[in-house]
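Participant: let me see the structure of the following:
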Amino acid sequence: MSGFEHDGVTIDYHIEGDEGPLVVQLHGLTSSRERDAALGLDHGRALRNHRILRYDARGHGHSTGTLDASTYRWAHLAQDLLALLDHVAPGERVHGVGQSMGCGTLLHAAVHDPGRFASLTLVSPPTAWQTRRAQAGNYLAQADLVEREGIEAFVAEGKQVANPPALADVPDTRPTVAEALLPTVLRGAAQADLPAPEQLSKITVPTLILAWIADPAHPMSTATSLHHLIEGSRLVVAQTPYGIMAWPGLFAEHVATHEDAGVERTDAAEVSDAPAAPEVAGSLVSR
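Facilitator: Numbering: from 1, shown residues only. Reported below is the predicted structural model:
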C-alpha cells in the first residue's frame, strides 16, 4: 500500500504488476477497492500483463477525507484521479474503468484531459441530469439520518432496498466510509453530476458501457444516453449475476482491443470502432 498526498488528503493506492500498460480502477460511493472485490466488482481481475492501479477515493476505505462536501463532487474527484496518474504514470496513456461514482469521476477526467486515456469502461452509470435531482434528495436525507441516528440506521435503511437482479447473490457488506465523514460524503454526492451532454459527445476515447437493469440508482436511461452520446461506444446490459460474471472478460477484451502500450499521451485518443459484442449469458447486448 502507498499513500499520495494531494489537496489536503492522503489517497491510498496499490499497483499490482511490474510491467505492461497501466489500468486504473475506480470504485463506487461508500465503497472501496476491498469492498468492490468482496462484491465481485473487481473488474480488472481478468487482465494479464498489465499494471493495475486500484485506489480508495478521498474519504473512502484507507484514504483520508475532509469535511468540505464540495471536495466529493465527481469533478473534484477527477482532479484527484488525474493528480494520482501524474504521480504514478507521468506522460502515460492509461485504461480506465469506473463503477458508479467512479464512472462519474472517470468521465469528468476524460472531458478535462482526454489525451490521458487509451480506453474507458463505464460500469453501472449512475443517475444524471434529470434523474440526479431525486437521487440528490435521497443523499441529503441519508446524511441527516446518519447525523441523527448514526451509521447503523443508514445500514439498516440500505437493507430495505432490494438489489437489482444482477446483484442478487452479492454478500452483505458495510460502507467503508467513517461515520464522522459519511454525512459530508453523501452531501458531496448530492452536489455531483455527470458532465453536460455536449461535453460527453466530444469524447473520442474507445468506450465500453456495462450496465444492469432494474436499479433506480443506476438507471438504464443514463447508460443508454451515454451510449448515444459517445460515438462508437458499446453497451452491454446484465440481467442476472451471470451477466456480471462476464464483465471482467469483456473489460479485458476491450483493453486488449485498444492496447496503447508504450505510446505517450496525445491531445486526443484515436477514434476506434467498437468490436462486435459476443453472446453473453444473462445479458442483453446493444450496439
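
Participant: can you report phi and psi for residue 185?
Facilitator: Per-residue torsions, residue 185: phi -60, psi -40 (degrees, to the nearest 10).

Participant: please disregard the earlier target; I meant residue 41.
Facilitator: Torsion angles, degrees, to the nearest 10, at residue 41: phi -110, psi 30.

Participant: ok, for it, nearest residue in space, not its chain neighbours?
Facilitator: Spatial nearest neighbour of residue 41, chain neighbours left out: residue 99 (5.8 Å); criterion: Cβ to Cβ, 6 or more residues apart in numbering. Bear in mind the C-beta positions are built from the backbone N, C-alpha and C, glycine included.

Participant: again with residue 63
Facilitator: residue 56 (4.1 Å).

Participant: was I right about the one you found contacting residue 36?
Facilitator: No: using Cβ atoms under 8 Å, residue 56 is not in contact with residue 36; the gap is 10.1 Å.

Participant: mutual contacts of these two, please.
Facilitator: Listed as contacting both residue 56 and residue 36 by Cβ atoms under 8 Å, 6 or more residues apart in numbering are residue 27.

Participant: how close does residue 189 get to residue 210?
Facilitator: Distance, residue 189 to residue 210, using Cβ to Cβ, to the nearest Å: 21 Å.

Participant: oops, could you answer that again for residue 9 instead?
Facilitator: In terms of Cβ to Cβ, residue 9 sits 29 Å off from residue 210.

Participant: again, but for residue 36
Facilitator: According to Cβ to Cβ, residue 36 stands 14 Å off from residue 210.

Participant: more neighbours: which of those two?
Facilitator: Neighbour tally, residue 36 and residue 210, criterion other Cβ atoms under 10 Å: the higher count belongs to residue 210, 27 against 24.

Participant: Provide a list of residues in contact with the residue nearest to residue 207 when sequence neighbours are not counted.
Facilitator: Nearest residue to residue 207, sequence neighbours excluded (Cβ to Cβ, 6+ apart): residue 233, at 4.1 Å. By Cβ under 8 Å, 6+ apart, the contact set of residue 233 is 207, 208, 209, 226, 227, 274.

Participant: go with 6 Å
Facilitator: 207, 209, 227 (Cβ atoms under 6 Å, 6 or more residues apart in numbering).

Participant: out of the residues you listed, which are inside strands?
Facilitator: Under the assignment DSSP state E, these contribute 207, 209 to strands.

Participant: just put the contacts of residue 233 in a markdown table and tack on neighbour count and pLDDT.
Facilitator: Output for those, formatted as a markdown table (neighbours: other Cβ atoms under 10 Å; pLDDT from 0 to 100):
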| residue | neighbour count | pLDDT |
| --- | --- | --- |
| 207 | 30 | 98 |
| 209 | 24 | 98 |
| 227 | 21 | 98 |
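
Participant: which of the contacts of residue 233 lies closest to residue 184?
Facilitator: Ranked by distance to residue 184 (Cβ to Cβ), the contacts of residue 233 are led by residue 209 at 29.9 Å.

Participant: that closest one and residue 123 touch, don't they?
Facilitator: No: between residue 209 and residue 123 there is no contact under Cβ atoms under 6 Å: 8.1 Å.
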